[in-house]
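In: This is the structure alone, sequence omitted:
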């Protein structure tokens, strides 16, 4: 079974291009990692946020990112703050029409897919198991979480 952070990466990686950059830019902004350069690789930054953590923090970072994604997906009309939009990835974001039927269809599909993930692999119990594995002492069987 894939870990929750692997599933978050896969979820974002598979997003249609019509919504992917907007979602990634908002995720990066939420973690203070949206940069004032249009060539920023938003997916690489997203991956670095999930993977670039200290031992024992992966589950917390994954839980934070899950909450950020949930908020983003329930608020498609919320724009990036003007100063960020003008500075970071503006060319890519300017070409996205959030009112187009195709974009709305893709956004709804992303919402539905994410809701399924929240009910399964991104459920708090799954994140708890991830946390317990991270915190298990070295040499202890990491497959079974302690209570």
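Out: Happy to help now that I have it. Model, not experiment: these values are computed from the prediction. Residues are numbered from 1 along each chain as shown.

In: got the contact list for the longest helix anywhere in the chain?
Out: Determined from DSSP state H, the single longest helix within the chain is helix 101-119. Helix 101-119 is contacted by residues 7-8, 11, 15-16, 18-19, 23, 66, 69-70, 73-74, 76, 96-98 when judged by CB atoms under 8 Å, 6 or more residues apart in numbering. C-beta here means a position set from N, CA and C on the backbone, and glycine is covered the same way.

In: Separate out the buried members of these.
Out: 7, 8, 11, 15, 18, 19, 23, 66, 69, 70, 73, 76 (16 or more other CB atoms under 10 Å).

In: just checking, the first one touches residue 121?
Out: Yes. Look at residue 7 against residue 121 with CB atoms under 8 Å: they come within range, at 4.7 Å.

In: Now do the shared contacts for the two.
Out: Counting by CB under 8 Å, 6+ apart, nothing touches both residue 7 and residue 121.

In: Give me the subset of the buried ones among the contacts of helix 101-119 lying in helices.
Out: Going by DSSP H, the helices hold 7, 8, 11, 18, 19, 23, 66, 69, 70, 73 from those.

In: ok, so of the residues you listed, who is nearest residue 48?
Out: residue 8 (13.0 Å; CB to CB).

In: Relative to residue 108, how far out is that closest one?
Out: For residue 8, the distance to residue 108 equals 19 Å [CB to CB, to the nearest Å].

In: Kindly report the same for residue 58.
Out: With CB to CB as the criterion, residue 58 and residue 108 are 30 Å apart.

In: Next up, the contacts around the nearest residue to residue 3 once chain neighbours are set aside.
Out: Spatially, and ignoring its direct neighbours in sequence, residue 3 is nearest to residue 130 (6.1 Å; CB to CB, 6 or more residues apart in numbering). Going by CB under 8 Å, 6+ apart, residue 130 touches 3, 4, 5, 58, 59, 62.

In: go with 7 Å
Out: 3, 4, 58, 59, 62 (CB atoms under 7 Å, 6 or more residues apart in numbering).

In: Now tabulate these in CSV and tack on secondary structure, neighbour count and distance to residue 51.
Out: Formatted as CSV, these follow (DSSP: H, G, I helix; E, B strand; the rest coil; neighbours: other CB atoms under 10 Å; distance: CB to CB, whole Å):
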residue, secondary structure, neighbour count, distance to residue 51
3, coil, 17, 11
4, helix, 25, 13
58, helix, 21, 8
59, helix, 22, 13
62, helix, 24, 10
